[in-house]
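Generate coordinates for the sequence data below:
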Amino acid sequence: LLNKCIEMGGFSVKYLNDVTIKDCVGNVCKSKSSGDFKIVKYNDAHNVEIQFLKTGFKTVVRLDHIRNGNVKDPYSPSVYGVGMLGTKYLTTINGVNTKEYDLWVHMLQRCYSDSFKKKRPTYEDCKCSENFKSYEYFYEWCHKQIGFGVEGNGNPFQLDKDLLIKGNKVYSEDSCVFIPTEINSLLVKRETLRGTHLIGVYWDKTNKAFKAQISKNKGKPEHLGYFKTEIEAFKAYKTAKESFIKEQAEKWKDKIDTRAYNALMKYQV
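Prediction:
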């Protein structure tokens, strides 16, 4: 059935599947990207019923697409090699990606794009749960979550995987939660930018002492004092940071997931 050249009008056409109307039903054919499928029923050249063997997905396609192998199984991994789109939900509306699709694709990118992880090595070893590899599942999960799609008066809610489980590397329904940008930005450590000292600590050449400071959202960094040792400076930063995170937790208490609130109240630097 494979790679047979058929002469058409003096041109040689190379088909992936050499099938005819008479004998096509029951044939197992190859697709270019979604594995094998079986021809279930022939209605006419524009209406051929097929079923993919691996997922069981049934659809109607054209006979010439069967011959070329240009048929796709939406339940076969196609996004970054792991993501399955399914058929239930749109990915774009009027040419614009839906919020659900944007979130899903960017999540998969962080986990499965080698080029992205070269630029952002903090995402090395990150992965998604099997459920989150399904766009249909992720879409429905999003709509059950507190904060999804909320703009938050200039603080749009973002998908976070680290708050509930510190150091977490897996995007899943158990580890992810939506929190406002204002809080999410407080939890970013920016290790590559802070230099060799402990977080929140800087060496002040003029005063020849360790300086501690804390950034509060988009405001100017708040000076916490000068200290003889790096550990003393860090302790001042730790106390101030944890206190401010608790303030933010109280501020957003009625708008965020209870799990997020509890995690913020227990947060330790």
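
Please put the alpha-carbon coordinates of the stretch of helix or strand residue 210 belongs to into CSV.
Assigned by DSSP states H and E, residue 210 falls within strand 209-214. Extracted in CSV, the C-alpha atoms of strand 209-214 (Å, rounded to 0.1, in the frame of the first residue of the first chain):
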residue,chain,number,x,y,z
ALA,A,209,28.9,46.5,55.3
PHE,A,210,26.2,44.1,54.1
LYS,A,211,23.1,45.9,53.1
ALA,A,212,19.6,44.3,53.2
GLN,A,213,16.7,45.6,51.1
ILE,A,214,13.3,44.4,50.0
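
Quickly run through the sheet partners of that strand, with directions.
strand 201-204 (antiparallel), strand 222-227 (antiparallel) (DSSP bridges).

pLDDT on stretch 141-157, on average?
Averaging pLDDT along stretch 141-157 gives 91.

Output the contacting helices and strands for the strand ranked longest in the chain.
Across the chain, the longest stretch assigned as strand under DSSP state E is strand 36-44. When contacts are defined as 3 or more C-beta pairs under 8 Å, 6 or more residues apart in numbering; DSSP states H and E, strand 36-44 packs onto strand 28-30, strand 47-52. To be clear about C-beta, it is placed using only N, CA and C from the backbone, and glycine gets the same treatment.

quick one: buried residues of that strand?
By 16 or more other C-beta atoms under 10 Å, the buried positions in strand 36-44 come out as 37, 39, 42.

dump the residue contacts of the second one.
Residues near residue 39 by C-beta atoms under 8 Å, 6 or more residues apart in numbering: 19, 24-27, 29, 48-50, 66.

could you dump these to CSV with neighbour count?
Output for those, formatted as CSV (neighbours: other C-beta atoms under 10 Å):
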residue, neighbour count
19, 18
24, 18
25, 14
26, 9
27, 16
29, 20
48, 24
49, 15
50, 22
66, 25
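
got JSON lines for those residues, with pLDDT and distance to residue 112 too?
Converted to JSON lines, the contacts of residue 39 look like this (pLDDT from 0 to 100; distance: C-beta to C-beta, whole Å):
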{"residue": "19", "pLDDT": "87", "distance to residue 112": "35"}
{"residue": "24", "pLDDT": "87", "distance to residue 112": "36"}
{"residue": "25", "pLDDT": "92", "distance to residue 112": "38"}
{"residue": "26", "pLDDT": "92", "distance to residue 112": "37"}
{"residue": "27", "pLDDT": "92", "distance to residue 112": "34"}
{"residue": "29", "pLDDT": "95", "distance to residue 112": "29"}
{"residue": "48", "pLDDT": "95", "distance to residue 112": "33"}
{"residue": "49", "pLDDT": "97", "distance to residue 112": "33"}
{"residue": "50", "pLDDT": "97", "distance to residue 112": "28"}
{"residue": "66", "pLDDT": "95", "distance to residue 112": "30"}
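
ok, so of these, who is nearest residue 267?
residue 50 (52.6 Å; C-beta to C-beta).

coming back round to it: angle of the longest strand of the chain against strand 47-52?
160 degrees (axes from the mean of the first three to the mean of the last three C-alpha atoms, to 10 degrees).

quick check: longest helix of this protein.
Longest helix in the chain, counting residues (DSSP state H): helix 230-251.

how much distance is there from that helix to the middle of the chain?
Relative to its chain's centre, helix 230-251 lies at 30 Å (C-alpha atoms, centre = their mean, to the nearest Å).

which element follows that helix toward the C-terminus?
Following helix 230-251 in sequence, per DSSP H and E, is helix 258-265.

starting at the chain centroid, how far to that following helix?
22 Å.

packing partners for that helix?
Using 3+ C-beta pairs under 8 Å, 6+ apart: helix 258-265 touches strand 177-180, helix 230-251.

Comparing these, which comes out most buried?
strand 177-180 (a mean of 25; mean count of other C-beta atoms under 10 Å).

sorry, back to before: which stretch among the strands paired with strand 209-214 is buried most, on average?
Neighbour counts (mean count of other C-beta under 10 Å) averaged over each of those peak at strand 201-204, with a mean of 17.

Show me the contact partners of it.
In contact with strand 201-204 (C-beta under 8 Å, 6+ apart) are residues 195, 197, 210-213, 226, 230, 233-234, 237.
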